[in-house]
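J.: fold the following.
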Amino acid sequence: MATQAMRAPMSAEHRFFLLGAIAMAAVNVAGFSLQFAMGRSTFAAPPLLHVHTFAFFGWTFFYVLQTALATTGAVALHRRLGWIGAGWAAAIVLLGIVMTVGMVRRGASPFFFEPVYFLFMNSLSVLCFGALATAAILLRRRTDWHRRLFFCGMTVLMGPAFGRLLPMPLLIPWAGWAVFAAIMIFPVIGVGRERARGRVHPAWWWGTGAIVATQVAMAPIAFSPLGLAVYGWVTAGTPGAAVSPVDFPPFPPGV
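T.: Residues are numbered from 1 along each chain as shown. Predicted coordinates:
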């Protein structure tokens, strides 16, 4: 009876996804904590920024919770909470775009990105996350696809955290690609792990393909006539309209 009551040992696959979720949360905490410790973040920021921050941080820990529930066999609770996650993921996409638009309208794009590139980089990234999350939800009954697509979606959201850990001023004009290289560490490890075992699940190719395609599309879309027109429409009548969309903003004092 005691033997039957013992929980089955965690599989290698379950362990990988749980440790990956924890590692993502740790990177997010490290990145944003570093900014706060260095005085680059403040509680005096606009209220919507706090909503955005808590939503993104909350989502990260919700992902860890959901991964832990699936890993430990609490599948029924995982599925019930999943519908909360669906609405939360949609809010992440909306808040990400709203915050990005607000920053370029204030002329507050990070100085290591051209403003028009920043507008499309952030917006396309959260849309990519939304697409991968939607695909994962639609394939929720196919656990092998579900967990890998969500893992890739979470990878996309790691950009801001890595952007706070990397020496971004030193990476101009390749800062965007540096962040991309950093976030790809996670799915590359997943692919490498499965390749070593003989077969890579196709969900990895779809997930990483979406991330790569999004990254490659950013600059061509941002600097196209349509991208510049969108930037002009977004910033019309705001301080952002006085900022050149295609030039790097000046370094802030003390940098």
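J.: please count neighbours and contacts with C-alpha atoms only from this point.
T.: Noted.
J.: what about the helices in this structure?
T.: With DSSP state H as the definition, the chain shows helices at residue ranges 2-5, 12-37, 47-71, 75-105, 115-138, 143-156, 159-165, 175-183, 185-196, 202-222, 225-235.
J.: using TSV, lay out those together with mean neighbour count and distance to residue 245.
T.: What follows is the helices of the chain, written out as TSV (neighbours: other CA atoms under 10 Å; distance: least, CA to CA, whole Å):
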stretch	mean neighbour count	distance to residue 245
helix 2-5	6	63
helix 12-37	17	26
helix 47-71	18	23
helix 75-105	17	9
helix 115-138	22	5
helix 143-156	23	24
helix 159-165	20	20
helix 175-183	18	16
helix 185-196	15	30
helix 202-222	17	9
helix 225-235	16	7
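J.: now distance to residue 243 and mean pLDDT too, for those, in TSV please.
T.: Listed next are the helices of the chain as TSV, based on distance: least, CA to CA, whole Å; pLDDT from 0 to 100:
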stretch	distance to residue 243	mean pLDDT
helix 2-5	65	40
helix 12-37	25	86
helix 47-71	22	86
helix 75-105	9	92
helix 115-138	8	97
helix 143-156	28	96
helix 159-165	22	91
helix 175-183	20	96
helix 185-196	34	94
helix 202-222	15	97
helix 225-235	9	97
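J.: kindly reformat those helices as a markdown table containing distance to residue 248.
T.: As requested, the helices of the chain are exported to a markdown table (distance: least, CA to CA, whole Å):
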| stretch | distance to residue 248 |
| --- | --- |
| helix 2-5 | 62 |
| helix 12-37 | 21 |
| helix 47-71 | 23 |
| helix 75-105 | 13 |
| helix 115-138 | 7 |
| helix 143-156 | 24 |
| helix 159-165 | 16 |
| helix 175-183 | 12 |
| helix 185-196 | 27 |
| helix 202-222 | 14 |
| helix 225-235 | 15 |
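J.: which one, of those, ends up nearest to residue 251?
T.: Relative to residue 251, the nearest member of these by CA to CA is helix 115-138, separated by 13.5 Å.
J.: list the helices and strands that closest one packs on?
T.: In this structure, helix 115-138 makes packing contacts with helix 75-105, helix 143-156, helix 202-222, helix 225-235, judged by 3 or more CA pairs under 8 Å, 6 or more residues apart in numbering; DSSP states H and E.
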